[in-house]
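> From the sequence below, what's the structure:
(chains A and B)
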Amino acid sequence: MNPVVYVGLGGVGGALARHLVGERIEGATLGTLAVNVLGSLALGAVLAAPVGDVVVLALGTGFCGAFTTFSSFAFETVRLFETGERRQALVNALGNLVGALAAVWLGSTAVSLV
Amino acid sequence: MPDDHVLTRLEPLALVALGGFVGALARHTVASMLPGTVPWGTLAVNGLGSFALGVLLYERHFVDGLSAETRLIVGTGFLSSFTTYSTFAAETATLAGGTMPILAVANVAGNYGVGFVGVLCGRWLARWLS
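Numbers count the residues shown, from 1 in each chain, chains lettered A, B, ... in the order given. So this is what the prediction gives:
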């Protein structure tokens, strides 16, 4: 099987999981923050783990890449700003950044310790 | 068909899955075409995807001519999988630990810039089309 198919299959899992998380969390921005932080934690772990290229393609590029989303984050931040919630827009922009960066570090550090 | 029919419940999931498959493949293809230290591929997909999602979601605001199924397969499925926050975060962390940490700051500014400007351009296009 062509290795890029693993990216697509991981993408199916990531998109479905994001959709299900979104249905269970009240408020779109909170749902997006949750998937972005959780997905970054998982990606940090996958990239630091001693696994083969196929696993990185399926779980890292495919699943984590699709589970997290930049476009929804950007849209929701712009919407907050233009509806007058400028402070919330800033908190959302910084919260996703700090949360995701900390999660990548935590994920990779946790795997390195194992 | 009643709302609680199993096919009615499965249809949205099938649309999201199909969009997710194509979106992840398209992102991987773009990233493969733009190799190098600077993650141009992620910047490209995040800018293009934010623009397209802006068109799609502001279209609902101005026109509301698309079906819920179209929004699900294109927005939740394709575009949300095409763009990525985790890869952006991991690449930023790698740049921060590299020889030129300033590139990490530039990467954040670049992705946030193309994302927000992309959404605003999408809004402009959606309004113009209406």
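
> So which residues of chain A form helices?
Listed in chain order, the helices of chain A (DSSP state H) span A:4-24, A:28-48, A:53-55, A:65-67, A:71-82, A:86-113.

> low-scoring stretches of chain B, by residue?
Per-residue confidence of chain B (counting by pLDDT under 70) places the weak regions at B:1-4.

> Swap in 80 and give it another go.
Counting by pLDDT under 80, chain B contains low-confidence residues at B:1-5, B:7.

> in it, which spans are strands?
With DSSP state E, there are no strands along chain B.

> A:L94: neighbour count?
A count of neighbours around A:L94, defined by other CB atoms under 10 Å in any protein chain shown, yields 10. Where C-beta positions appear, they are placed from N, C-alpha and C, glycine not excepted.

> residues contacting the nearest residue to B:G47 once chain neighbours are set aside?
The spatially closest residue to B:G47, leaving aside those adjacent along the chain, is B:V114, at 3.2 Å (CB to CB, 6 or more residues apart in numbering or on different chains). By CB atoms under 8 Å, 6 or more residues apart in numbering or on different chains, the contact set of B:V114 is B:L43, B:N46, B:G47, B:S50.

> Format the residues you listed as TSV; extra columns: neighbour count.
Compiled in TSV, the contacts of B:V114 are given as follows (neighbours: other CB atoms under 10 Å in any protein chain shown):
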residue	neighbour count
B:L43	21
B:N46	29
B:G47	24
B:S50	33
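
> which one among the residues you listed gets closest to A:G39?
B:N46 (14.3 Å; CB to CB).

> How many residues are close by A:R24?
By other CB under 10 Å, the burial measure for A:R24, its neighbour count, is 8.

> ok, now how distant is it from A:L30?
Note on A:R24: its distance to A:L30, by CB to CB, to the nearest Å, is 11 Å.

> Would you check that B:F82 makes contact with B:V45?
Yes. Applying CB atoms under 8 Å as the test, B:F82 and B:V45 come out as touching, 5.5 Å apart.

> list residues touching both of the two?
Common neighbours of B:F82 and B:V45 (criterion: CB under 8 Å, 6+ apart): B:A26, B:R27.

> before we move on, the earlier item: among the contacts of B:V114, give me the pair with the biggest separation.
Farthest apart among the contacts of B:V114 by CB to CB are B:L43 and B:S50. That separation is 10.9 Å.

> ok, how many other residues are close to A:F63?
By other CB under 10 Å, 31 other residues sit near A:F63.

> got it, and B:D64?
The tally of other residues near B:D64 (other CB under 10 Å) stands at 8.

> To what extent is the residue nearest to A:V78 when sequence neighbours are not counted buried, counted in neighbours?
For A:V78, ignoring the flanking residues on the chain, the nearest one in space by CB to CB, 6+ apart is B:V119 at 4.5 Å. One way to gauge burial is a neighbour count; for B:V119, by other CB under 10 Å, it gives 29.

> show me what contacts the nearest residue to A:N36 once chain neighbours are set aside?
Nearest in space to A:N36, with sequence neighbours left out and distances taken as CB to CB, 6+ apart, is B:Y85 at 4.2 Å. With contact set as CB under 8 Å, 6+ apart, B:Y85 has these partners: A:N36, A:G39, A:S40, A:T68, A:T69, A:F70, A:F73, A:N96, A:A100.

> Could you double-check that the fourth one sits in contact with A:A42?
In this case it means A:T68. No. Judged on CB under 8 Å, A:T68 makes no contact with A:A42 at a distance of 9.1 Å.

> If anything else comes up later, I'll come back, but that's it for now.
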